[in-house]
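Chemist: Provided below are the primary sequence and the corresponding predicted coordinates.
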Amino acid sequence: MKVDTGLLTPFTPSNSRPWNKKLVTHLLSRTMFGAKVSDVNYVLTLTPGEAVDMLLQSQPQPDPPGAWVTEIPVYNSNLNNLRMNMLRYWWLKLMYEQPVSFREKMVLFLHNHFTSEGVTVRIPQHMYIQNTLFRNNVYGNFRNLTKLVTRDPAMLYYLDGRLNTAASPNENYSRELLELFTIGIGNYTENDIREGARALTGWTITGLTSTFIASRHDNGIKTYLGQTGNFNDEDVVNIIFSQQQTAVTFMKKFYKNFINQREDMNADMPVINELADLLRSNNYEMLPVIKTLFKSQLFFSENIISSVIKSPVDIMIGAVRQLNIPFDYSNLNTHLTYVSSQASSAGQLLLEPPNVQGWLGYRDWINTLALPTRNSFCESIITGIKKDLTPTGFSADPVEYALSMPHPQNAVLLVDEMCEHLVRLTLTPKQREQLLLTLLDGSAVYDWSINDPEAPGRLRKFLKALMYLAEYQLT
């Protein structure tokens, strides 16, 4: 039975809930890796619906990281590790250079949903092909994407689909397809895994592509999720997507990534079920569901703001973009190496999720090892000095950043404006007072001047204090 919570009706600005910088920064922080002041100012001129439509527009496909992406793979090549890093930095550069677009955040979500570990796949060309597959299908059909992933070379290698033959069935992909990628635990049997593995036989990898070899496929009758027939991989996916639970499981994961995270999701299940109904009624096309969700009253409600913990990549690339820090493109890979290494130390190395479950996120992101790394990175891009006292090679221009605010000469308003841009939660009067005192650094409010020679140092102290707040970890 379809449910109607009323929470997915479009958000309409009102006197009590105006379309303002708070809601704009909320929308952009959830859908992008950090919003620049210029992004916020531009989106503020649009309506909420226009802003979401802009975020979900198609974007030109990026140039590849190198001509090597079309080379025939060599599994023991000394170049593979180098190229895997090149691919990682290429993706970070796309995040850094992103326009007002949801695309790269959605690519990361899909990478974490249909996981593959580069260290296992080993071939950077295959990881590039998979990454491009996600980018080409960010707002497309979830069922069709699942079919494509099932035959994807990186996935065939990662979960041993290439080894799955009629003579020697391999259940690894069959299991994860049900458990993690689609219907979820409790909605299938061990026999479904075995029968699914038989139906998935026959695929292998030839060079850059996947190839079906009929002689390796099991043509026998299989019984899968209550249906019987001579099934192949496409049939398996179609049967999975005929189950009501498949849409629920996917929408719950999407919801936890982009809307709200908590230990107990029971209170959110009515709207998740409504989203699942919407996904099914749109034949598993993701775009109508994403649009509805990001335009909804629910998304712009007060209790949704700052309910998601930033991932390491989000907080690090986001901080660089928020502060409008320019990278020296003649030394770009060095800068991106630093970002990547720090994100890795905080628990998120792109292309290397920890296992087939992916990054679990939520409070895992802010454990006792990760949080100091997150904080020290943010401090380093303000001071230009790493924790080991070597230079980062890039840092914020605090005066330029302050001048991008409407009232850089008014200390009280400037504190409010920088807080509004960098932190989603409204800080308490005591927190704002303390931040103001940090900015003033012993001087009186009326003595503040952006032109004061002491202003850069005071602004750096302020930005460090703000980014060390627990509230900065949330989006």
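Modeler: Cool, the structure landed.

Chemist: so where's the longest helix in this protein?
Modeler: Ranked by residue count, the top helix of the chain under DSSP state H comes out as helix 79-96.

Chemist: for it, output the C-alpha coordinates as PDB.
Modeler: Taking Å, rounded to 0.1, in the frame of the first residue of the first chain, the C-alpha atoms of helix 79-96 are listed here in PDB:
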ATOM      1  CA  LEU A  79      52.900   1.400 -13.900                       C
ATOM      2  CA  ASN A  80      49.700   0.100 -12.300                       C
ATOM      3  CA  ASN A  81      50.300   1.700  -8.800                       C
ATOM      4  CA  LEU A  82      51.400   5.000 -10.400                       C
ATOM      5  CA  ARG A  83      48.300   5.100 -12.600                       C
ATOM      6  CA  MET A  84      46.000   4.100  -9.800                       C
ATOM      7  CA  ASN A  85      47.300   7.200  -8.000                       C
ATOM      8  CA  MET A  86      46.900   9.300 -11.100                       C
ATOM      9  CA  LEU A  87      43.200   8.100 -11.300                       C
ATOM     10  CA  ARG A  88      42.700   9.100  -7.600                       C
ATOM     11  CA  TYR A  89      44.200  12.500  -8.100                       C
ATOM     12  CA  TRP A  90      42.200  13.000 -11.300                       C
ATOM     13  CA  TRP A  91      39.000  12.300  -9.400                       C
ATOM     14  CA  LEU A  92      40.000  14.700  -6.500                       C
ATOM     15  CA  LYS A  93      40.600  17.400  -9.200                       C
ATOM     16  CA  LEU A  94      37.100  16.900 -10.500                       C
ATOM     17  CA  MET A  95      35.700  17.400  -7.000                       C
ATOM     18  CA  TYR A  96      37.900  20.500  -6.500                       C
END
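
Chemist: packing partners of that helix?
Modeler: In terms of contact count using 3 or more Cβ pairs under 8 Å, 6 or more residues apart in numbering; DSSP states H and E, helix 79-96 is assigned the packing partners helix 103-113, helix 124-136, helix 312-322, helix 332-345. Backbone N, C-alpha and C define where each C-beta goes, glycine included.

Chemist: go again with 7 Å.
Modeler: Other helices and strands packing on helix 79-96, by 3 or more Cβ pairs under 7 Å, 6 or more residues apart in numbering; DSSP states H and E, are helix 124-136, helix 312-322, helix 332-345.

Chemist: in JSON lines, list those helices along with mean neighbour count and distance to residue 102.
Modeler: Shown next, in JSON lines, are those (neighbours: other Cβ atoms under 10 Å; distance: least, Cβ to Cβ, whole Å):
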{"stretch": "helix 124-136", "mean neighbour count": "22", "distance to residue 102": "12"}
{"stretch": "helix 312-322", "mean neighbour count": "25", "distance to residue 102": "13"}
{"stretch": "helix 332-345", "mean neighbour count": "19", "distance to residue 102": "20"}
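
Chemist: which one of those helices lies closest to residue 416?
Modeler: Distance to residue 416, taken as Cβ to Cβ, is lowest for helix 312-322 among the helices and strands packed on helix 79-96, at 16.1 Å.
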